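Undergrad: Attaching a predicted model along with its sequence, questions to come.
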Amino acid sequence: MPPRSVAFLIGFCCVIPSYAGSVCTPSPLPPCGQQLAVYPSVDGAAALSNGLNQDTGCSCAGSNLYQCVEYVKRYYATVMNYPAAAQWHGDAHTYFSTAAAKGLQSFPNGSPTVPATNDILVFDGDTYGHVAIVTAVTTTQMTIIEQNWSRTGIATLPIQYVNGGYQVGPRPNSHYVVLGWLRLPATTTTKTFTDRSSFLAVTSGLTTIDFEGLAPFNGGTNYSSALGLTLFGVTFVGYNGLLSGYELEVVNWQSGSVYNWNSGGVLLGPANNGPIATSYIFVTLPTGTTAVGMDVASVYTTQVSVALATGETITVPTARPQLKFAGFTSSTPITSLKIYGSGTTFFDPPVVDNFAFGYKK
């Protein structure tokens with residue numbers, strides 16, 4: 001692809017054939033900067049002609065304009081709304097090995113993960129390689145949009161499913177090979193709820209744990225160990241950061257106790273150390289859970305926080321003996337969460353009841 005003697009400090013050259021003559025051999029192509037193709041039809045997504053320098057490591061407008069990497073950077077910065085792409089550096093073939101540093105996921109050619117629209121397709125060949133954007137994928141063919149290769153800005157490559165993976169290429173009439181494809185990690189959308197009815201309206205397949213039948217009347221059952229308590233595939237473990245140990249109990253006090261919330265059996269966690277979450281109930285959820293909600297309270301009048309493993313947190317004020325609702329839905333699976341007393345009162349254990357988990361609609 002690229003000629004053998006052209007290089008820029010910021011990389012980027014990507015061209016096609018190996019020329020016997022000049023590295024910038026003219027060819028009858030659209031004028032410099034003219035639009036070749038556009039996908040999708042929004043500003044910033046047009047593949048532009050490299051003019052007489054098409055298929056070379058030179059730019060008809062100087063710098064790295066109208067090279068393949070310039071298009072990919074511009075596409076991701078504008079269409080994919082990923083401003084960091086404007087600062088990407090390196091020759092085209094290095095994009096695969098530097099994907100993580102660019103904030104991208106990489107999938108080698110032959111991966112069980114099928115290429116998708118908006119992926120960056122990375123080629124190796126000659127000095128610089130080549131990159132393009134995937135615009136369509138079928139069971140037999142992939143379409144790409146690119147700069148500094150095809151005269152129309154559009155090309156197709158064969159794709160087939162072989163031995164448990166997707167094999168792309170070879171590209172017709174080229175010795176370039178596909179290294180793989182890159183994409184941005186899936187974006188997680190999380191929504192919080194403080195009202196159970198609103199939560200129920202957007203969820204399905206819920207299982208609710210009410211902690212009934214686990215503790216004697218006006219008494220409790222202790223689950224203070226590393227194993228904690230597992231119900232319906234959900235595991236609750238109480239970590240006490242003050243004592244460097246475990247503290248978890250199901251209580252069923254109905255009268256005459258600070259542990260009575262007029263709710264029957266409830267899960268009682270470890271004492272906190274003010275707003276610092278050194279003591280908490282750690283909850284591990286079944287695989288695929290995308291919705292979780294619960295009633296929470298604290299032993300004294302402060303507040304309780306629920307934090308997902310991904311960092312999203314909801315804090316609700318509590319006032320004995322009322323229980324308050326806290327819930328989440330997520331576009332990606334919720335694996336675990338913490339529940340802790342987050343008020344300023346020392347020794348204020350969290351209380352949990354009616355713990356529901358299932359799926360976001």
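TA: Structure's in. What do you need?
Undergrad: element containing Ala131, please.
TA: If you look again at residue 131, you'll see it is Val, not Ala. In the assignment (DSSP states H and E), Val131 maps to strand 130-137.
Undergrad: right, and the helix or strand after that strand?
TA: On the C-terminal side of strand 130-137, the nearest following helix or strand under DSSP H and E is strand 141-145.
Undergrad: Helices of the stretch 1-150 of the chain, residue ranges please.
TA: Assigned helices in the stretch 1-150 of the chain, in chain order: 68-78, 94-97 (criterion: DSSP state H, counting those that start in this stretch).
Undergrad: deepest of those helices, which one?
TA: helix 68-78 (a mean of 23; mean count of other Cβ atoms under 10 Å). C-beta coordinates here come from the backbone N, C-alpha and C atoms, glycine included.
Undergrad: List of residues touching that helix?
TA: Outside helix 68-78, the residues within contact range by Cβ atoms under 8 Å, 6 or more residues apart in numbering are 11-12, 14, 42-45, 47-48, 64, 82-86, 88, 90-92, 95, 120, 130-133, 145-149, 184.
Undergrad: ok, now stretch 86-96?
TA: 10-14, 68-69, 72-74, 76-77, 98, 102, 106, 108, 120, 122-125, 127-131, 179-180, 182.
Undergrad: Relative to the longest strand that the chain contains, what are the paired strands and their orientations?
TA: Looking across the chain with DSSP state E, the single longest strand is strand 350-360. Strand pairing for strand 350-360, using DSSP bridges, gives strand 203-209 (antiparallel), strand 266-268 (antiparallel), strand 291-298 (antiparallel).
Undergrad: which one of those strands lies closest to Leu285?
TA: Taking Cβ to Cβ, strand 291-298 is the member of the strands paired with strand 350-360 nearest to Leu285, at 6.5 Å.
Undergrad: average pLDDT across that closest one?
TA: Confidence over strand 291-298, taken as the mean pLDDT, stands at 95.
Undergrad: Pull the distance from that strand to the chain's centre.
TA: Distance, stretch centre to chain centre, for strand 291-298: 25 Å (Cα atoms, centre = their mean, to the nearest Å).
Undergrad: Now do the helix or strand just after it: which elements does it pack against?
TA: Scanning forward in sequence from strand 291-298 by DSSP H and E, the next helix or strand is strand 303-308. Here strand 303-308 touches strand 291-298, strand 313-317, strand 324-330, strand 336-341, going by 3 or more Cβ pairs under 8 Å, 6 or more residues apart in numbering; DSSP states H and E.
Undergrad: per-domain residue ranges of the protein.
TA: Domain assignment of the chain by automatic domain parsing yields the ranges 35-183, 190-360.
Undergrad: Quick check: which of these is nearest to Leu29?
TA: Between Leu29 and these, the shortest gap by Cβ to Cβ is with domain 35-183, which sits at 4.5 Å.
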